[in-house]
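Visitor: structure for the following, please:
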Amino acid sequence: LILATAVVVMGQSIPVLAHSRGLFKSALETVIFPDIYEKSPSSIRVPESESLFRRAQQTLSQECTDEIDMRVFDDVYNATRDASYQSCAGANQGWLNENGTVINVADFRSCDTSEYKAFCDANYQSLEYLDFKLTCVETAGFFLYPTEAYIYDVITCSGKSCPSDPVDWSLEDYFAFYPFNSSVCTAEFLQEGEEPPQEPVRLAATLSQECTDEIDIAYDDAMLKNVTDNISDECQNQIKRYKSGNNSIVVYDNRDCDISKLTTFCDAKYQSIDAPNVKFTCPNNNLFYFFPVIDCVGTSCPSDPAAWLIPDVQYLFAGFESCDMEILEEGEDPPPPPNDPTDAQSTAPFAAPSAVPFAAP
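Guide: Residues are numbered from 1 along each chain as shown. Down below sits the predicted model:
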């Protein structure tokens, strides 16, 4: 699982996944790609007023920004881009640090993006970003938490009328690939040799090395991501966020969703595990609840959920190392939202915005 912060990678929001690992993964990593609006073009178009506001400080021509916006309607472009990023397992990472800030890293320095670049050059114009960093404030509709995103060697398709040399793109121009502007995030170029913060050390589990290795392989499985993406598209209102006292509460609730496709996929290729419902207590009074915890694990892992100790279950949630996890008692639910203390389900869900991820332009 990866922290699910519903953000965007240069143009498309990444849906929150249905399995625990996927939920957490999309939460912490979504923020990185610059090119990932919504899957449905009709749902992702930026309103004209927002679009004008977003471009107010850019030096790009109107023709260039229009060409960038129109890419999302090209199904071949969308499929080519998605395939390119999915083929590079581990390029997109995210975690919550000890200060309650989400760290997103989109690092494609070891990835082969030649096919995507060739597609861009044949149909648009390829652009390789200069390495840069975004520092974003918590903003409704974009970022659930303060976020830092580090972007390395990202290739995207820009318009044919846009500047061809990355040096001619200002930091403000990069916001053409996002639905937000510099009032939400500040951008800065990374210096040569400047690296992102170190990933946290995974918590020790009692699972065998073979089991944890298999879990890590499943974690980066593009086919598993497709399954969970489809479930996420079909299952609405699964994420809720609200304040309760001094706590900020996020609930991932799939109890009313049909996730049989996930268990079928897991059992066919790996092994499905239905672990207990869990709660994470994280820095800055952030609480996360997961109902239920369904995931793919290796065939060498314990098949009986009762054999999974707390450190073992927490291993499924990469990126939550700075948080304390506890198993929820049967029937235990999070505090209800303040606007309707009798029905937590009535709260309007936090919707993954039609925003743009940091790394997938």
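Visitor: surely residue 328 touches residue 278?
Guide: Yes. Counting by Cβ atoms under 8 Å, residue 328 touches residue 278, with 6.3 Å between them. From N, CA and C alone the C-beta is placed, and that goes for glycine too.
Visitor: those two - which one has more neighbours?
Guide: Ranked by neighbour count (other Cβ atoms under 10 Å), residue 328 and residue 278 place residue 278 first, with 23 against 16.
Visitor: what kind of secondary structure is the closest residue to that one other than its chain neighbours in?
Guide: Sequence neighbours aside, residue 290 is the residue nearest to residue 278 in space, at 5.2 Å (criterion: Cβ to Cβ, 6 or more residues apart in numbering). Secondary structure of residue 290, reduced to three states by DSSP: H, G, I helix; E, B strand; the rest coil: strand.
Visitor: quick one: residue 290 and residue 275 touch, right?
Guide: No. With contact defined as Cβ under 8 Å, residue 290 and residue 275 do not form a contacting pair (9.0 Å).
Visitor: quick one, which of the two is more surrounded?
Guide: residue 290 (26 against 19).
Visitor: what's near enough to touch the residue lying closest to residue 154 once chain neighbours are set aside?
Guide: Nearest non-adjacent residue to residue 154, counting by Cβ to Cβ, 6+ apart: residue 129, 4.8 Å away. With contact set as Cβ atoms under 8 Å, 6 or more residues apart in numbering, residue 129 has these partners: 34, 151, 153, 154, 155, 156, 166, 169, 174, 361.
Visitor: for residue 129, give its distance to residue 241.
Guide: To residue 241, residue 129 is 31 Å away according to Cβ to Cβ, to the nearest Å.
Visitor: over to residue 165?
Guide: When residue 165 is compared with residue 241 (using Cβ to Cβ), they lie 41 Å apart.
Visitor: between those two, which is the more surrounded one?
Guide: residue 241 (18 against 7).
Visitor: got the contacts of residue 129 as TSV, with pLDDT and secondary structure columns?
Guide: Supplementary listing: these in TSV, determined by pLDDT from 0 to 100; DSSP: H, G, I helix; E, B strand; the rest coil:
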residue	pLDDT	secondary structure
34	41	strand
151	89	strand
153	91	coil
154	87	coil
155	89	strand
156	89	strand
166	89	helix
169	89	coil
174	82	helix
361	49	coil
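Visitor: dump those into JSON lines; add neighbour count as well.
Guide: JSON lines is the format used below for those (neighbours: other Cβ atoms under 10 Å):
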{"residue": "34", "neighbour count": "28"}
{"residue": "151", "neighbour count": "28"}
{"residue": "153", "neighbour count": "17"}
{"residue": "154", "neighbour count": "30"}
{"residue": "155", "neighbour count": "23"}
{"residue": "156", "neighbour count": "27"}
{"residue": "166", "neighbour count": "11"}
{"residue": "169", "neighbour count": "20"}
{"residue": "174", "neighbour count": "25"}
{"residue": "361", "neighbour count": "30"}
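Visitor: what's the closest of those to residue 84?
Guide: residue 155 (7.7 Å; Cβ to Cβ).
Visitor: my guess is the closest one meets residue 126, correct?
Guide: Yes. Contact status for residue 155 versus residue 126: in contact at 6.0 Å, counting by Cβ under 8 Å.
Visitor: need the residues touching each of these two.
Guide: Common neighbours of residue 155 and residue 126 (Cβ under 8 Å, 6+ apart) are 117, 120.
Visitor: can you list residues touching both of residue 328 and residue 278?
Guide: By Cβ under 8 Å, 6+ apart, the residues touching both residue 328 and residue 278 are residue 289.
Visitor: and residue 118, how many neighbours?
Guide: With other Cβ under 10 Å as criterion, residue 118 counts 12.
Visitor: make sure it is indeed in a helix.
Guide: Yes. Assessed with three-state DSSP, residue 118 lies in a helix.
Visitor: roughly how far apart are it and residue 158?
Guide: 15 Å.
Visitor: ditto for residue 192
Guide: Counting by Cβ to Cβ, the gap from residue 192 to residue 158 is 23 Å.
Visitor: neighbour count winner among those two?
Guide: Legend: neighbour count by other Cβ under 10 Å for residue 192 and residue 158, higher for residue 158 (27 against 6).
Visitor: check contacts around the nearest residue to the more buried one once chain neighbours are set aside.
Guide: Closest residue to residue 158 in three dimensions, ignoring its sequence neighbours and counting by Cβ to Cβ, 6+ apart: residue 127, at 4.3 Å. Residue 127 makes contacts with 120, 155, 156, 157, 158, 162, 164, 166, 169, 361, as judged by Cβ under 8 Å, 6+ apart.
Visitor: possible to save these as TSV with distance to residue 71?
Guide: Shown next, in TSV, are the contacts of residue 127 (distance: Cβ to Cβ, whole Å):
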residue	distance to residue 71
120	10
155	13
156	9
157	6
158	9
162	11
164	16
166	18
169	16
361	9
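Visitor: closest one of these to residue 252?
Guide: residue 361 (27.7 Å).
Visitor: tell me the phi and psi of residue 293?
Guide: Note on residue 293: its backbone torsions stand at phi -110, psi 100 [degrees, to the nearest 10].
Visitor: wait, it touches residue 316, no?
Guide: Yes. Residue 293 is within contact range of residue 316, at 7.0 Å (criterion: Cβ under 8 Å).
Visitor: all helices of this structure, in order?
Guide: 20-29, 41-44, 48-55, 62-70, 75-86, 114-123, 209-219, 222-234, 260-269, 310-315 (DSSP state H).
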